[in-house]
Each structure stands twice: as C-alpha cells, then as structure tokens.
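Colleague: Prediction below, plus the sequence it came from.
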Amino acid sequence: MYAIGHCRGDTNSTTCKNCISQALWDVQMVCALRMQAIIHYDLCSLRISSEKIHFDRNDMVHLIAMRSDKSYIKIQQEFDKAVILLITAVASKASNLSTKFATGQEMFLVECLSALLSFEEITANAHGKRIALFLDYDGTLSPIVDDPERHSCPLRKESSEQRFV
C-alpha cells in the first residue's frame, strides 16, 4: 500500500502529524474496500493506493472530473469553471507570496444518493441477471465480486464476512 500525506503550509509539525494520523485511520475505516482513496480535511489531505502514486501537474483537476457523475450534476460546466478559477486564483496568489502559501474558498452543496436509490440503479442495470450485494458499513452498496483476486478487503473484515456468508 502506498500513501502520500500533505499538510497546509500554515500548520505546525504536531498538527500536521495528528491530521495525517486521523486521515489514515478514517480512510481505512470508511474506504476499506477501495483500491484508491483520497481524503481531504481543512488542514491536510491523504491519498492511498494499492499501486505506486505518480504525479501529474494537472492531477487534481482531472480527479475532480473523474469523480463527477455527470448524470447527477445539474450545472456541470459552472462547477468545472468555478473549480478551475479557484485553483488558478490560489496558485497565482501563492506564487506572489514569500511563503508560497495561499488559500481560497468556494461554496458548493453536494447531496449523496441514498443506499435505496443505489440499489434501484444497480438492480435496474442488472437486466434480470442474478446479483449479490452487500451494504458496506459506510452506507454504500457494493456488488460481491466473482474474481476474489480483485476483491480488496482487510483480513479481519474478510474473516468476519466469511462467517456470515
């Protein structure tokens, strides 16, 4: 497992360590079955992956676009424009300061689909096929995979799941 943590430029080392430690704990609890995860807090962010993490100058903008499910976003172009303007403004501001640190803020409202809507969507897409689902402890529905090699699960959780299957 690979991980990269990053703290805001105005945090001290103790605060940074505490934030990264909390993020590492939280990402393991909430995203245990994911092959990649990114978690953001006010003071730090953490990225974990089962593969080596490679950097691209435009990585963050692409991540935002990859994570957006366009069928649920009502004003995608306005959202994309606001994100790009915010990133550009903060980068410009930081480059002109001796500390090379700047912040910016934009307000958005995000609503997650309920597990019931996810279930309806998954079953509608199954088109009469037999499927098996389980409800993750974070409230998401996940299909049970046919290929165990692609299934990522901590051993302690996997053993408790096998007792119930």
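Modeller: Yes, it's here.

Colleague: Okay, domains of this protein per the record?
Modeller: 1-54, 55-108, 112-165 (automatic domain parsing).

Colleague: Helix or strand for the residue lying closest to Lys100 once chain neighbours are set aside, just tell me which one.
Modeller: Leaving aside its chain neighbours, Lys100 sits nearest to Ala94 (5.4 Å; criterion: C-beta to C-beta, 6 or more residues apart in numbering). The way it works is simple: take the backbone N, C-alpha and C, and place the C-beta from them, glycine included. Secondary structure from DSSP states H and E places Ala94 in helix 76-95.

Colleague: ditto for Ala37
Modeller: strand 36-40.

Colleague: ditto for Ala3
Modeller: strand 2-7.

Colleague: Which other helices and strands does that strand contact?
Modeller: Using 3 or more C-beta pairs under 8 Å, 6 or more residues apart in numbering; DSSP states H and E, the elements in contact with strand 2-7 are helix 13-30, strand 44-49.

Colleague: winner for burial among the ones you listed?
Modeller: Burial of these is given as mean neighbour count (mean count of other C-beta atoms under 10 Å); strand 44-49 ranks first at a mean of 20.

Colleague: Sheet-wise, list the partners of that one with their directions.
Modeller: Its sheet considered, strand 44-49 pairs with strand 2-7 (antiparallel), strand 36-40 (antiparallel) by DSSP bridges.

Colleague: Tell me where the model's unsure across this protein.
Modeller: The model of the chain has pLDDT under 70 over residues 31-34, 54-75, 108-165.

Colleague: For Gln36, which of the helices and strands packed on strand 2-7 is the nearest?
Modeller: Among those, strand 44-49 comes nearest to Gln36, with 4.6 Å by C-beta to C-beta.

Colleague: Give me the contacts around that closest one.
Modeller: Strand 44-49 is contacted by residues 1-8, 11, 16, 19-20, 23-24, 27, 31, 35-39, 53 when judged by C-beta atoms under 8 Å, 6 or more residues apart in numbering.

Colleague: Then stretch 92-106?
Modeller: 8-10, 82-83, 86, 89-91.
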